[in-house]
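*Asks:* the following comprises the amino acid sequence and a computationally predicted model.
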Amino acid sequence: MRGGLALVVLLAACSSAQAAVVSERPDKVTVTIYHEGTVDTASLSQRNAGDNGDGLALITETRSIDLPAGPAKIQFRGVAGTMVPQTADVSGLPDATLERNFDYDLLSPGALLAKSVGQTVHLVRRTGRRGGTEVEKSARVLSGPDGVMLEVDGKFEALNCSGLPERLVFDRVPDGLIDTPTLSIRTNAARAGRYTVTLRYIATGLNWSADYVARIGADDKTLDLSGWITLANFADTGFAHAPVEVIAGHVQTTGDDRPQEARAVPRNDSCWPMDISWARRLAVPMLGFAAPPPAPMMMMAPRAELDTITVSAARKEIEARNLGDYKLYPLPEPTDVAARQTKQVQFLDRTALPFERVYGYRMLAVPSQTGAEQVLASSILLRLQNTARGGLGKPLPAGGISTMAIAPDGEPFLAGRDTIKDTAAGSPLEIAMGQTSAVRAQTQVIEATSSERRGIKHRSGTLEVTLTNDTARPVTFEWRQTMDVAGATLVSESRRHGTRNGDLLWSLTLNPGEPAVLRYTIDAPG
């Protein structure tokens, strides 16, 4: 076979001292993808293949091999190119592994030339007009890949600098080059047989994220909630029809989980200098044939950005499972995780979930300046109960959520974007939507004093909050006061409070056009 960098692979005879066993591909692959924290799907989709991100995957391969008795070298071909070799584990062999190697010197034009220095190849050159004639000569490679020099008929030539179309043809792949990432191990089995082995390893370049869409119903009391998992594979290795699982949680890593660099070596043509500016100073016209233009440089094409494929609704919802301290979400059916691709799979689809619309504000400072006033817009929060009775009752992975509402003309519009944390079943699910002045708070510091008690300075402040509801319906308002200062205490209050996440919390029902007043005093050291 000839043409371009045509290759004819000559297989060397196996050494009698060590049998060679080649496993071309796994019988089955399972991909378990981890991520760190909340991953933004938009950023994930905009990265290119060179950005592995922080995602890790546990690849589990099942392979069947015929193992001879005695010393043997087993080659597991087609493993992920982003394998972290030190994490590889093989089980199912009759005896212990003696040695393992990850072969990552991949075949590329530059690597092929680098390994062929001193070897004889074929130089095919097209001469003449109107298609011309191909002439083939033997050539010895003197250097490469950065500036390829050849010895042809006892003379020295630079590749692609003659001005004629030309190419090199190789008879064999040099030793040490492979066309696919390969993990090889040495064994010494006491008995021959057919074995089913399991190969597990960590690979980088895979990541995942979760996203939700909440659609508020026309009754403004229920919403529909759908969830999507986005799978991203930045690597050059794909996984066809593979069971895929994603893990929610913060997995501890050392930062050393990095693959071997399998960088493809480019081939660059470096021709003789074409700058003849020195000759222009001689007032002698240049006669004869024009010098041929320099041949274009052969560069590696830029790595393509991720393609995005959206899969329609899943046939069934994903049922999360406990995995120690983490949550495991298996996709409902095997899927293709193609190289340099993103894919979305629906994992949640619930309708008519009841929610409570809550307005509120969180005060961060202790009142400290008498007479200070503010008018504050309230934040809007949708609160759902993540219980079976509330229509959910499922652990939800962290991710972005878009909330859609219905306009008076019946058209949906974006009402807010938020990020939710990992939410366990039984915990409230809160969705922030934005702010509004239709429900607002006006604050005034009634009194602020400073004192010293037992050598410690204290400051005390009384805050009066007037809450107003300009909507057409009663609303729930939650006023929160942080108590982050050590030793801070609530001295007095006009309404009874509760607590939430360490904050003081006052919950009030505001009727339209009826202001409500809250007054309290805080004392804090400092």
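*Replies:* Structure's in. What do you need?

*Asks:* make it CA atoms for all contacts and neighbour counts henceforth
*Replies:* Fine.

*Asks:* shaky segments in the stretch 251-400 of the chain?
*Replies:* 251-316 (pLDDT under 70).

*Asks:* could you pull out the helices for it?
*Replies:* 277-280 (DSSP state H, counting those that start in this stretch).

*Asks:* what are the ranges of the strands in it?
*Replies:* When secondary structure is read from DSSP state E, counting those that start in this stretch, the stretch 251-400 of the chain shows strands at 307-310, 321-323, 326-330, 335-337, 341-354, 356-363, 373-385, 399-406.

*Asks:* what bridges to the most centrally placed residue in the chain?
*Replies:* Closest to where the C-alpha atoms of the chain average out (CA atoms, centre = their mean) is Asn207, at 3.4 Å. Beta-bridge pairing for Asn207 (DSSP bridges): Ala232.

*Asks:* now do the same contact list for it.
*Replies:* The neighbourhood of Asn207, defined by CA atoms under 8 Å, 6 or more residues apart in numbering, consists of Ile33, Tyr34, His35, Gly53, Asp54, Gly55, Leu56, Ala57, Leu231, Ala232, Asn233.

*Asks:* got it, and Leu505?
*Replies:* Glu478, Trp479, Arg480, Gln481, His497, Gly498, Thr499.

*Asks:* if we use 10 Å, what do you get?
*Replies:* By CA atoms under 10 Å, 6 or more residues apart in numbering, the contact set of Leu505 is Arg362, Glu478, Trp479, Arg480, Gln481, Thr482, Arg496, His497, Gly498, Thr499.

*Asks:* is it in a bridge, and if so with what?
*Replies:* Applying DSSP bridges to Leu505 gives these bridge partners: Arg480, Gly498.

*Asks:* let me know the pLDDT of it.
*Replies:* Leu505 is assigned 97 on the pLDDT scale.

*Asks:* ok, it to Val491 distance?
*Replies:* For Leu505, the distance to Val491 equals 15 Å [CA to CA, to the nearest Å].

*Asks:* follow-up on the earlier one: of the strands of the stretch 251-400 of the chain, which is nearest Ala80?
*Replies:* strand 335-337 (12.1 Å; CA to CA).

*Asks:* and the closest one, what's buried?
*Replies:* Across strand 335-337, burial judged by 16 or more other CA atoms under 10 Å covers Val337.

*Asks:* which residues touch the nearest residue to Pro71 once chain neighbours are set aside?
*Replies:* The spatial neighbour of Pro71 that comes closest, neighbours along the chain excluded (CA to CA, 6 or more residues apart in numbering), is Asn188 at 4.2 Å. Applying CA under 10 Å, 6+ apart, we find Asn188 in contact with 18, 67-73, 94-98.

*Asks:* what do you get for Glu151?
*Replies:* Residues in contact with Glu151 (CA under 10 Å, 6+ apart) are Gly118, Thr120, Ser138, Ala139, Arg140, Val141, Leu142, Ser143, Glu157, Ala158.

*Asks:* 7 Å - rerun?
*Replies:* Ala139, Arg140, Val141, Leu142, Glu157 (CA atoms under 7 Å, 6 or more residues apart in numbering).

*Asks:* tell me the one of those residues nearest Arg383?
*Replies:* Nearest member of the contacts of Glu151 to Arg383, counting by CA to CA, is Val141, at 71.8 Å.

*Asks:* reformat the contacts of Glu151 as JSON lines; add neighbour count, distance to Lys394 and pLDDT.
*Replies:* Listed next are these as JSON lines, based on neighbours: other CA atoms under 10 Å; distance: CA to CA, whole Å; pLDDT from 0 to 100:
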{"residue": "Ala139", "neighbour count": "23", "distance to Lys394": "68", "pLDDT": "90"}
{"residue": "Arg140", "neighbour count": "20", "distance to Lys394": "67", "pLDDT": "92"}
{"residue": "Val141", "neighbour count": "25", "distance to Lys394": "64", "pLDDT": "89"}
{"residue": "Leu142", "neighbour count": "20", "distance to Lys394": "66", "pLDDT": "88"}
{"residue": "Glu157", "neighbour count": "18", "distance to Lys394": "70", "pLDDT": "86"}
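
*Asks:* isn't Ser507 right next to Gln481, touching?
*Replies:* No: using CA atoms under 7 Å, Ser507 makes no contact with Gln481, being 11.8 Å away.

*Asks:* ranges for the helices of the stretch 51-200 of the chain?
*Replies:* Using DSSP H, counting those that start in this stretch, helices in the stretch 51-200 of the chain cover 109-115.

*Asks:* show me where pLDDT drops low in it?
*Replies:* Those would be 51-54, 102-108, 128-131, 176-178, if you go by pLDDT under 70 across the stretch 51-200 of the chain.
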